[in-house]
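Student: build me a structure from this.
(2 chains)
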Amino acid sequence: MTRSTPLRSDAAAGAPRGASRNPSHPAKAGWSFVKPSVIPGFGLTFGYTILYLSLIVLIPIAGLFLKAATTPLEQIIRIATSPRTLKALEVSFGSSLIAALVNVFFGVIVAWVLVRYKFPGRRLLDAIVDLPFALPTAVAGIALSTLYAPKGWIGSLFSDKGPLWQWWHAQTWLPLGLNEFSLNFKIAYTPTGIVIALIFIGLPFVVRTVQPVLEEFEQELEEAAATLGANRWQTITSVILPRLTPALLTGFALAFARAVGEYGSVIFIAGNLPNISEIAPVLIVIKLEEFDQAGAAVIAGIMLIIAFVMLLVINLIQAWARRRFGNV
Amino acid sequence: MDIRVDTVRKEFSHYPALNDVSLDIRSGELIALLGPSGSGKTTLLRLIAGLEMPTAGRIYFGDEDASSKTVQERNVGFVFQAYALFRNMTVLDNISFGLSVRPRATRPPKAEIRRRALELLDLVQLTGLEKRYPQQLSGGQRQRVALARALAIEPRVLLLDEPFGALDAQVRKELRKWLREIHDRTGHTTVFVTHDQEEALELADRLVVMSQGKIEQVGTPDEVYDKPNGPFVFSFIGESSSMPVTVENHEIWVGGRAIGLPAPHDAIGEAVLFFRPHDVELVEDGSGAALAGVVAASRRVGGTRRVELEVGGNPNRVEIDLPFDHPAGEKTRIAFRPKRWRVYPKG
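Tutor: As a prediction, this is how the structure comes out:
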């Protein structure tokens, strides 16, 4: 607690802390937890926040780390560095990163279309964007794997001897038998399938964070850039995108975090082949089914730490971006 | 650069914002588009800039038809009311933007761009602030950066949309004087939009008074103030009092009595008399015909006393200015004659 004046410092130091809430006392100078406000209740809301966070978030996570800590160190290292674990982590974080990046690109375009143009069915499209939030992810996974499987509507286009393959082999102008190069994309049951599922579940995050910023964007800025001679591309890259940066980072972080934790949709489309298309959450479940709780806890702990560090870094970049491009 | 607006018409979803407007802007002049909101003045400015395309009509820059040219090709400097500075760029980057986005063939070297931007910063008296971001500047400073940014591309015409509208009165007056200085120094053809008649009268070489998508009058501040061509211009520019009168026998009549003012034209019948409250002479001794009224209210306005008079039972009161130490109180009868006036047919 701060002291009100140097003169009565001894008395103030001994005074009960609640005394500052008494309106007959003069306002305290210096630093305080609470900003003056017409709505009191710092103690109540802060206490609730801590309790709630502890029960729901902090205690379970602490339990996880405690469980992992009971394992001997060399065993932790063995689990953590086993090729299967490393590959699963790589697949998890790698596909999440790719999916989040793709979502940033598509999300901006979708948000742009929704904000800038009036067309019939705009509200419908706007509502459809939220569907991945509401749909059970297992349903999404089954639907996507049916579509993208080698015999599915979309998967068959890319499969062996499929239309794409045939078109490619018909390109006789290609030099040196380049068209003999096999064009056979398998989408479902490969890491590509995982990325597609993660794109699906992450899209709304980017759209919903970018949309309000685009709605508030002063079109005068574009007009100013145009009168100064900037072409469309220059206006987009040097005027519009910098303003979207903080929102894009938020959307990216949310889509990425969601993708890292995704399980339901991925298990249907991934095929879950160890060392190929097995994500870390699946590996954790497998460990649990083998009653290897320590192993599961170790992998989960590693995931948590990596995710936390990545989100922290994104947050720091975001804070920097807000200072740099932020609101006046 | 002369600019010619030739019977331009602009409709927004079938509602005409501009009705066949024609206007000649002379090279190097500072011209004000003045009018109430909804008069089409901003639309006209945006049409000249190319930010809007006319529904019909043409716009010429010199002898060249600019109507079908894009904003980028027109090379105009545009200053917005809300500054529209790029807040992700420093002051210097804002000013250099127009030069650095040019295609490689016409883009000056980096050092040259920087030199010119610093020179402009000097011109707008913000030397030393080049590393600041717009949000670290005051409103007046931001608008000066916006002007420097617009001047950097050496525009063929400088267009300002209510440039001082968002500033407080003190800064507004300062910038007004300063804009005039810059204009005289750089000699750009400058068009600015305002709804503030005082600003327009003080700043502009010529005024374009607009109302409801039409130009009412074009002229120097003296012409527009002293010879308004209609009731709208008379009441919009400067202070005015008006009252219904009758014109007959080359004289002006109020309530069946001649008021000692000759009618300027032969039109007979109902009309409206306009005069300026400060431009009246008091008729103290009852010599000759005059307007007479009873003081209904009075208030002190600066160095004079503004009184409201009820004339001849007319429910519309007229206002005149008296010396601040004039003894007139409520119900005092005052006789006066406008020194300068105009009569417009009713309707």
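
Student: and what about A:P274, helix, strand or coil?
Tutor: coil (DSSP: H, G, I helix; E, B strand; the rest coil).

Student: I should have written B:V209 there, sorry.
Tutor: B:V209 ends up strand, using three-state DSSP.

Student: give me the distance between it and chain A.
Tutor: Using Cβ to the nearest Cβ, to the nearest Å, we find B:V209 at a distance of 26 Å from chain A. Heads up, the C-betas are built off the backbone N, CA and C, glycines and all.

Student: so which bits of the stretch 151-300 of chain B are right by chain A?
Tutor: Taking Cβ under 8 Å from any Cβ of the partner chain as the contact definition, the stretch 151-300 of chain B meets chain A at B:A152, B:I153.

Student: backbone dihedrals for the residue in the stretch 1-150 of chain A positioned nearest to chain B, please?
Tutor: Nearest to chain B, among the residues of the stretch 1-150 of chain A, is A:K118, at 12.3 Å (Cβ to the nearest Cβ). Note on A:K118: its backbone torsions stand at phi -100, psi 120 [degrees, to the nearest 10].

Student: likewise B:G57?
Tutor: B:G57 has phi and psi values of phi 100, psi 170 when expressed as degrees, to the nearest 10.

Student: leaving out sequence neighbours, find the closest residue to it.
Tutor: B:V8 (3.4 Å; Cβ to Cβ, 6 or more residues apart in numbering or on different chains).

Student: for the helix or strand harbouring the one you found, packing partners?
Tutor: Using DSSP states H and E, B:V8 sits within strand B:3-12. Applying 3 or more Cβ pairs under 8 Å, 6 or more residues apart in numbering or on different chains; DSSP states H and E, one finds that strand B:3-12 contacts strand B:15-25, helix B:41-49, strand B:56-61.

Student: in it, what's buried?
Tutor: Across strand B:3-12, burial judged by 16 or more other Cβ atoms under 10 Å in any protein chain shown covers B:I3, B:R4, B:V5, B:D6, B:V8, B:R9, B:K10.

Student: how about the helix or strand hosting B:V272 as CSV, C-alpha atoms only?
Tutor: Using DSSP H and E, B:V272 sits in strand B:269-275. The C-alpha trace of strand B:269-275 is given here as CSV (Å, rounded to 0.1, in the frame of the first residue of the first chain):
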residue,chain,number,x,y,z
GLY,B,269,-46.4,43.7,-55.6
GLU,B,270,-45.4,41.7,-52.7
ALA,B,271,-41.6,41.6,-52.0
VAL,B,272,-39.1,41.0,-49.2
LEU,B,273,-36.8,43.7,-48.0
PHE,B,274,-33.3,42.6,-46.8
PHE,B,275,-30.7,44.8,-45.0
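
Student: name the residues of that strand that are buried.
Tutor: In terms of neighbour count (16+ other Cβ under 10 Å), strand B:269-275 has its buried residues at B:A271, B:V272, B:L273, B:F274, B:F275.

Student: and for stretch A:53-70?
Tutor: Here stretch A:53-70 shows A:L64, A:K67, A:A68 as buried, counting by 16+ other Cβ under 10 Å.

Student: from the residues you listed, which land in helices?
Tutor: Among the buried residues of stretch A:53-70, the residues falling in helices (DSSP state H) are A:L64, A:K67, A:A68.

Student: closest one of those to B:A152?
Tutor: Among these, A:L64 lies closest to B:A152 (Cβ to Cβ), at 59.0 Å.

Student: wait, isn't the closest one in contact with A:M303?
Tutor: No - using Cβ atoms under 8 Å, A:L64 is not in contact with A:M303, being 10.1 Å away.

Student: and the buried residues of stretch A:53-70 near chain B, which?
Tutor: Applying Cβ under 8 Å from any Cβ to those, none is adjacent to chain B.

Student: adding pLDDT, write the residues you listed out as TSV.
Tutor: Output for the buried residues of stretch A:53-70, formatted as TSV (pLDDT from 0 to 100):
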residue	pLDDT
A:L64	87
A:K67	84
A:A68	84
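
Student: same list, those residues, but as CSV with distance to A:E223 please.
Tutor: Shown next, in CSV, are the buried residues of stretch A:53-70 (distance: Cβ to Cβ, whole Å):
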residue, distance to A:E223
A:L64, 54
A:K67, 60
A:A68, 57
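
Student: on that earlier part again, ok, the buried residues of strand B:269-275 vs chain A, which is closest?
Tutor: B:F274 (38.7 Å).

Student: bridged to the closest one, which residues?
Tutor: B:S242, B:R342 (DSSP bridges).

Student: correct me, but it touches B:F232?
Tutor: No - counting by Cβ under 8 Å, B:F274 stays clear of B:F232, with 10.6 Å between them.

Student: what sits up against stretch B:208-215?
Tutor: Stretch B:208-215 is contacted from outside by B:16-19, B:21-23, B:31-36, B:38-41, B:43-44, B:216-218, B:224, B:232-233, B:236-237, using Cβ atoms under 8 Å, 6 or more residues apart in numbering or on different chains.

Student: and it, which residues are buried?
Tutor: Within stretch B:208-215, the residues scored as buried using 16+ other Cβ under 10 Å are B:V208, B:V209, B:M210, B:S211, B:G213, B:K214, B:I215.

Student: columns pLDDT on top of those, output as CSV?
Tutor: Shown next, in CSV, are the buried residues of stretch B:208-215 (pLDDT from 0 to 100):
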residue, pLDDT
B:V208, 95
B:V209, 95
B:M210, 94
B:S211, 93
B:G213, 92
B:K214, 93
B:I215, 94
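
Student: what packs against the host helix or strand of A:F93?
Tutor: Secondary structure from DSSP H and E places A:F93 in helix A:83-116. The contact analysis (3+ Cβ pairs under 8 Å, 6+ apart) places helix A:83-116 against helix A:122-128, helix A:191-216, helix A:241-261, helix A:280-289, helix A:293-325.

Student: counting contacts, what elements does the shortest one pack onto?
Tutor: With contacts defined as 3+ Cβ pairs under 8 Å, 6+ apart, the secondary structure elements packing on helix A:122-128 are helix A:83-116.

Student: quick check, pLDDT for residue 272.
Tutor: Let's take chain A. For A:N272, the model assigns a pLDDT of 82.

Student: my bad, the chain I had in mind was chain B
Tutor: Listed pLDDT for B:V272 reads 88.

Student: excluding covalently adjacent residues, which one is nearest to residue 288?
Tutor: No chain specified, so I'll use chain A. That would be A:A296: by Cβ to Cβ, 6+ apart, it lies 4.9 Å from A:L288.

Student: let's do chain B instead
Tutor: Closest residue to B:G288 apart from its sequence neighbours, by Cβ to Cβ, 6+ apart: B:G260 at 5.3 Å.

Student: shouldn't the one you found be within a strand?
Tutor: Yes - assessed with three-state DSSP, B:G260 lies in a strand.

Student: that one against B:A290, yeah?
Tutor: Yes - at 5.7 Å, B:G260 counts as touching B:A290 under the criterion of Cβ under 8 Å.

Student: thank you kindly, that will do.
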